[in-house]
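Engineer: with the input below, show me the fold.
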Amino acid sequence: MLADTQREVLTAYAAGVRPLVILGGRLISEVVGTAPSHKDFPIAPDLTTAVSYISIEQEIAQRLGHARSLVPALPSEAVLYAHLLQCQPSR
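Structural biologist: Got it, this is the predicted structure:
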C-alpha cells in the first residue's frame, strides 16, 4: 500500500499489508514522526522510486514463491515487563 501519512502506515499494518511510504519532498519525521510504531517498510523520496521498489518486491516474491512476511510490531513495555515478571522464579 502506498502511504504518505503515519495514519496510512497504521492502516496498512492493520489490514495486514506492507506500506511503502512516499516522502514527496518532506522529511521522514514529517511523515511518520520521530518514533513510528512500525519500522519495517521502505521509504521512497518520490513515486518513481516507489515504483522501482515495488518492482524489486515483486522480483523477491517470485524468487521466494510468496510475498515477504510482515515483521510483527514490538510489544509494549508493559507487556514485556509482565512477561519478565512471569518468568522470574518464585522466592
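
Engineer: okay, and for the chain, where does confidence drop off?
Structural biologist: 68-75, 88-91 (pLDDT under 70).

Engineer: over to the most centrally placed residue in it: give its phi and psi.
Structural biologist: Residue closest to the average C-alpha location in the chain (Cα atoms, centre = their mean): residue 40, at 3.5 Å. Backbone geometry at residue 40, expressed as degrees, to the nearest 10, gives phi -100, psi 70.

Engineer: go on, residue 2?
Structural biologist: Main-chain torsions, residue 2, degrees, to the nearest 10: phi -80, psi 130.

Engineer: what about it, neighbour count?
Structural biologist: When neighbours are counted by other Cβ atoms under 10 Å, residue 2 registers 14. Where C-beta positions appear, they are placed from N, C-alpha and C, glycine not excepted.

Engineer: right, and it touches residue 20 too?
Structural biologist: Yes. If you go by Cβ atoms under 8 Å, residue 2 and residue 20 touch, sitting 5.6 Å apart.
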